[in-house]
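Okay, sequence plus prediction incoming.
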There are 4 protein chains.
Amino acid sequence: MAEELRFPTGLGTSDADSISLLGQDLAADLMGKVGFGELAFWLVAGRRPSPGEVRLFEAVLVALADHGFTPTAIAARLTYLSAPDSLQGALAAGLLGGGSRFLGVTEDCGRYLADVLASASGDDFDAIALEAVRTTKAAGRFVPGLGHPVHKVQDPRTPVLIRIAQEEGFYGPHLRLFEAIGRVHEKVLNRKLPLNGAGVCGAALADLGLPVDLLRGFALLARAAGLLGQIAEEKRRPIANQIYLTVDRNAVYEP
Amino acid sequence: MAEELRFPTGLGTSDADSISLLGQDLAADLMGKVGFGELAFWLVAGRRPSPGEVRLFEAVLVALADHGFTPTAIAARLTYLSAPDSLQGALAAGLLGGGSRFLGVTEDCGRYLADVLASASGDDFDAIALEAVRTTKAAGRFVPGLGHPVHKVQDPRTPVLIRIAQEEGFYGPHLRLFEAIGRVHEKVLNRKLPLNGAGVCGAALADLGLPVDLLRGFALLARAAGLLGQIAEEKRRPIANQIYLTVDRNAVYEP
Amino acid sequence: MAEELRFPTGLGTSDADSISLLGQDLAADLMGKVGFGELAFWLVAGRRPSPGEVRLFEAVLVALADHGFTPTAIAARLTYLSAPDSLQGALAAGLLGGGSRFLGVTEDCGRYLADVLASASGDDFDAIALEAVRTTKAAGRFVPGLGHPVHKVQDPRTPVLIRIAQEEGFYGPHLRLFEAIGRVHEKVLNRKLPLNGAGVCGAALADLGLPVDLLRGFALLARAAGLLGQIAEEKRRPIANQIYLTVDRNAVYEP
Amino acid sequence: MAEELRFPTGLGTSDADSISLLGQDLAADLMGKVGFGELAFWLVAGRRPSPGEVRLFEAVLVALADHGFTPTAIAARLTYLSAPDSLQGALAAGLLGGGSRFLGVTEDCGRYLADVLASASGDDFDAIALEAVRTTKAAGRFVPGLGHPVHKVQDPRTPVLIRIAQEEGFYGPHLRLFEAIGRVHEKVLNRKLPLNGAGVCGAALADLGLPVDLLRGFALLARAAGLLGQIAEEKRRPIANQIYLTVDRNAVYEP
């Protein structure tokens, strides 16, 4: 069957003499002139970010890159132990834990805030926040990004991200709403919870205009750097075998 | 069984009030002050790079981020088509193609150059290069990073990377040797091949002192950004279903 | 810190002289005596299936193993092209497409039927089915497993699975309900749709008492065999490079 | 660009009324008539195995399915903890550990034996084995499949697999050679090592005529069943969070 095939793309194309990326000449216009975080933003958003946007965006990536011995870091190290010939497999195994529970809060929080804003009116953020927390509680659900298993009073990343957003002029409705939730939720939930830094990251990314359905992707990109750090450390000073033996030696048969 | 367990790490640790990464206070010292590429370098190398190192390093990441419709980009798009609920799965599927053939040249070239340098003496790079190409050919092997399927005369990334390395003072033995190979290989192979840009990236990363066994990891990190771009574009303007149908409709049964 | 660690398992344990699996002596009691499908059932369900259960279960696995050039098969082949040194990566890439759209219908259908049955009373399956289809339509949703993109009149797997379930005495409420949906949905939807074979597989697995939340796992196990077949064929008679070139050569830059 | 596209396959094809697999009518000829292990063999080898071949093949799969808390099982459980919404991700993460170290011995041993046989002459297996072990030792390498970290005297799977191969008439040159290695290696290595059961599996698969380069694939298929069992158990009786906390709580910062 003869067909007319046509696969449009605004990303990379090349011919014998040149490589084009995002409509730019990769070698002449991008390499050495555009930072890596800047390029990642541009690739996903389809527009070049301003320097202020880059600073906030990279602060988010830095905030999310590594949290020590998370389940994803341990999974990557164990996979590297089993298959040291396949670095890509160890990295992929670590990223596959980037789902709903440990790494999903960034996207979940950004989407929650965007959904609330989409159906809210006015600019009384405390009132909007109060209504949102009430509705969420009534539905038997949690507000994504509220609370943290370790940082029970304050997540140290939260005030820094908000300050950077303000400095760069990107303190927008998502961050405003999330801060308002931080102020008012106690009235509904009867306890004071901190704003999770990963949730604030989601709010900041949404205020940067990045697509809410892809926020998890930025958490994954950040974590890719952290996982490379974990794998590099595993290579220099291995612990995965000890983790494996700790589990295996304490296995107990129970039907 | 009671055990004394101890898992050392120089990466991330945290307690109720603070998060530490690489011995720094994440919120106070890193966020907003360290770029994402800079952090990735630091995480793997265990030392903070200088601004010049960051510029060369990020130029490499930008060079490797996306090459259009590579097999890995198509695999990521097809996986996103099949399982749009799992962005991490689509990203991981794309990265899993980062193996020996398409994405491996960066690491293979860096390691090849490092191996040659480890057993060479003197600083006559043309002589070292000539000997290396001869030995490699005699063993029935190819020099990794020599030649490119599309850029048959010159890979446009090559001169730009070398210029940036020179500008920043990191034009070291790996790049020198690779350029020497570019000059002398024709005498042995009887044809003139270009220096592959992905190979030059490997030489540059090696000259930055990054661990040769982990160079593939940087290509994967760069590609993670490119794959997010591919997935974002697939979301906005899908083509994976057309790719799938193009293959499926032209399936022919042959035992 | 000294801790008392204890990790219970009913699966595999071993010591210097023996290997135990599921409380059995692997070498003496399982190898050569238990089929592979039988073991897979046992591993997930925690109980040994009867011969009739095994026959129905393996018929389901056979039905789901391979559907030709699906997106997952193409993704596995492309990944094998890129990274032929990592068979596990190609297999994993293929399985990662086992999500909500292409491979999810087995689990989605089984769960849908189980949910309907959990809140239904009586044994008038046509009435239960009619109510379920009405409710689902009113909610703006589709009945999982109803309809098929290719088999628009009848999925050939459907009558065979139902017959095998009847022969083996496992034609239970999930299959009954699904068949009832097949009879009555036209009254609500105003068109006649076939029962998707992958959906019938989900109903059959649920009637076998397998955990509804893990039905996708059996589709993945079946597909693992199919993907190995695809990779083996790719090795013997490669097409992935042609697929890649078909896409890449028809790439068109569009911002 | 109009092209004539043609993608040949001997696996699955379908049209509106029928599904064909391996040239058979899937519904009429395979479902309920062919076992799952039998189909997996057929898919990879391109020929239907005899009942004796199926018995030996399934014994191998049963032998390799689960070994308790291996690094791959732990990685799958941790990934399921992090991303319970993506069963395919947890399974894929587990399989990605199927590389050179823990799961690779089946393929490595099969390939080693095939390589030795390819360059040997005569049928004095003890002599061939002695020469092979000598050559391997002289090259500073290990014989794959010789020795086991836990079963230091005898792997209980080994005699059972050899007996089944003999019973079914598939005790061929690979198993003969591996047994010969078991008899003679002490003369060269000066210590007595057991034949690893996973290595014997590789020899048996090679004697079944399966492609030596794809033996790892069968270990992965077997392990897919075991990993589903691990994930199902994790769902019923979770331990991954305790594993994670055991590591995280014993983290110690060391630059």
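Perfect, I can see it now. Please read these numbers as outputs of a predicted model, since none were measured by experiment.

so where's chain A shaky on pLDDT?
Judged against pLDDT under 70, the low-scoring parts of chain A cover residues A:1-3.

Surely residue A:8 is in a helix?
No - using DSSP: H, G, I helix; E, B strand; the rest coil, the assignment for residue A:8 is strand, not a helix.

Let me know how buried it is, in neighbour terms.
13 (other Cβ atoms under 10 Å in any protein chain shown). Using the backbone N, CA and C atoms, a C-beta is placed for each residue, glycine as well.

just checking, next helix/strand downstream of the helix or strand harbouring residue A:88?
Element membership for residue A:88, per DSSP states H and E: helix A:87-95. On the C-terminal side of helix A:87-95, the closest following helix or strand by DSSP H and E is helix A:105-119.

other SSEs contacting that following helix?
Packing partners of helix A:105-119 (3 or more Cβ pairs under 8 Å, 6 or more residues apart in numbering or on different chains; DSSP states H and E): helix A:125-138, helix A:173-189, helix A:197-207, helix A:215-236.

quick check: angle from the next helix or strand after the first one to helix A:197-207?
Next helix or strand after helix A:125-138 toward the C-terminus (DSSP H and E): helix A:157-168. Computed by axes from the mean of the first three to the mean of the last three Cα atoms, to 10 degrees, the angle separating helix A:157-168 from helix A:197-207 equals 20 degrees.

isn't there a helix covering residue A:252?
No - assessed with three-state DSSP, residue A:252 is strand; it does not lie in a helix.

Need the nearest residue in space to it, chain neighbours excluded.
Distances taken as Cβ to Cβ, 6 or more residues apart in numbering or on different chains place residue C:8 nearest to residue A:252, at 5.0 Å, with adjacent residues excluded.

list the contacts for that neighbour?
Shown in contact with residue C:8 (Cβ atoms under 8 Å, 6 or more residues apart in numbering or on different chains): A:251, A:252, A:253, A:254, D:237, D:239.

how many other residues sit next to the nearest residue to residue A:207 once chain neighbours are set aside?
Nearest residue to residue A:207 in three dimensions, chain neighbours excluded: residue A:172, at 3.6 Å (Cβ to Cβ, 6+ apart). A count of nearby residues for residue A:172, using other Cβ under 10 Å, gives 16.

so who does residue A:172 touch?
By Cβ under 8 Å, 6+ apart, residue A:172 lies in contact with A:165, A:206, A:207.

Adding neighbour count and distance to residue D:222, write those residues out as TSV.
Below are those laid out as TSV (neighbours: other Cβ atoms under 10 Å in any protein chain shown; distance: Cβ to Cβ, whole Å):
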residue	neighbour count	distance to residue D:222
A:165	26	51
A:206	27	45
A:207	22	49
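
can I get those residues in TSV with distance to residue D:93?
Formatted as TSV, the contacts of residue A:172 follow (distance: Cβ to Cβ, whole Å):
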residue	distance to residue D:93
A:165	34
A:206	29
A:207	33
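
now, which of those residues sits nearest chain B?
residue A:165 (10.0 Å; Cβ to the nearest Cβ).

Secondary structure class of the residue nearest to that closest one when sequence neighbours are not counted, three-state.
Distances taken as Cβ to Cβ, 6+ apart place residue A:171 nearest to residue A:165, at 4.4 Å, with adjacent residues excluded. In three-state terms, and counting by three-state DSSP, residue A:171 is coil.

what residue lies at the spatial centre of chain A?
The residue lying closest to the centre of chain A (Cα atoms, centre = their mean) is residue A:219, at 2.3 Å.

Please tell me how far that one sits from residue A:105.
Separation of residue A:219 from residue A:105 (Cβ to Cβ, to the nearest Å): 8 Å.

next one: residue A:113
12 Å.

Then residue A:118?
When distance is defined by Cβ to Cβ, residue A:118 is 20 Å away from residue A:105.

What parts of chain A come near chain D?
Residues of chain A lying close to chain D (Cβ under 8 Å from any Cβ of the partner chain) are A:1-5, A:68-72, A:74-75, A:78-79, A:81-86, A:89-90, A:92-93, A:96-104, A:240, A:243-244, A:246-248, A:251.
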